[in-house]
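1. just a sequence and a predicted model for now, questions to come.
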Amino acid sequence: PAIGGSPGGVTYGDGGVWITTHFGLASGDAGSVVRFDDRPTKVKPIQVSSGVEAIAFGGGFVWVADRIHDVVRRIDPDTNSLLAAEIAVGRAPGAIAFGAGSVWVSSTLDHTVWRIDPITYEVLGTIALQDEPSSIAAGDDAVWVTSETGDSVTRIDPATNSVTIIPDLDGPRAVAVT
């Protein structure tokens, strides 16, 4: 089935595929998240706001970075509803991941990664990066941040929030953890 808008980010969780639609649906809704269930296939748009692109699933929620309003929002997959709490993060959050018990959000303009507690919504730390982040992936033992413009990948140790830079990688765009 069609999602009815320009697809942005995609994640999987709670029996569904979740896709952001940047600036809304053809029907006129503002930026949305569309859920496709695998039992049976259903399309469920959830209105969020214009500027949503990055999306992740973890800790029982869908996490969406709002690039225009500089916040992270969360969706309850049981009710398919946007929850009221917003978490302020750095300017132009461009990527989001869940791992090591935290939500990790990259701030494109500030060259930082924000670590958020998924239970209290408290910002646990802001980690400075050498270059503009492109993508982020998180596992139990490390968080990986690519920088296409900086030709590098940064490894963040979630135990200490310390960084190790892997340089000279010729424009890495994306990263995944398995």
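-> Sure thing, it's come through. Being a predicted model, the structure only gives us computed values, none of them experimental.

2. list the contacts of K44.
-> Applying C-beta atoms under 8 Å, 6 or more residues apart in numbering, we find K44 in contact with 34-35, 37, 80. C-betas here are computed from N, CA, C, even on glycine.

3. quick one: low-confidence residue ranges for this protein.
-> Across the chain, the ranges flagged by pLDDT under 70 are 1-4, 23-30, 38-43.

4. how does it look with 80?
-> Across the chain, residues meeting the criterion (pLDDT under 80) sit at 1-6, 22-31, 38-44.

5. any idea which residue sits dead centre in it?
-> The geometric centre of the chain, computed from its C-alpha atoms, lies nearest to I96 (C-alpha atoms, centre = their mean), at 2.3 Å.

6. just to revisit the earlier point, redo the contacts of K44 as JSON lines? Include neighbour count.
-> Conversion of the contacts of K44 to JSON lines gives the following (neighbours: other C-beta atoms under 10 Å):
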{"residue": "V34", "neighbour count": "22"}
{"residue": "R35", "neighbour count": "22"}
{"residue": "D37", "neighbour count": "15"}
{"residue": "N80", "neighbour count": "17"}
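
7. which of the residues you listed lies closest to E148?
-> V34 (27.0 Å; C-beta to C-beta).

8. identify the bridge partners of that closest one.
-> Applying DSSP bridges to V34 gives these bridge partners: I19, P45.

9. want to throw the contacts of K44 into CSV with distance to L124?
-> Supplementary listing: these in CSV, determined by distance: C-beta to C-beta, whole Å:
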residue, distance to L124
V34, 30
R35, 28
D37, 33
N80, 28
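
10. quick check, nearest of those residues to A54?
-> Compare each of the contacts of K44 with A54 using C-beta to C-beta and the shortest gap goes to V34, at 15.0 Å.

11. do I have it right that that closest one meets W18?
-> Yes: using C-beta atoms under 8 Å, V34 and W18 qualify as a contacting pair, with a distance of 7.4 Å.

12. so who does the closest residue to L129 other than its chain neighbours touch?
-> Excluding the flanking residues, the one nearest L129 by C-beta to C-beta, 6 or more residues apart in numbering is H111, at 4.6 Å. For H111, the contacting residues are 128-133, by C-beta under 8 Å, 6+ apart.

13. hmm, try it at 10 Å
-> The neighbours of H111, taking C-beta atoms under 10 Å, 6 or more residues apart in numbering as the test, are 90-91, 127-133, 147, 150.
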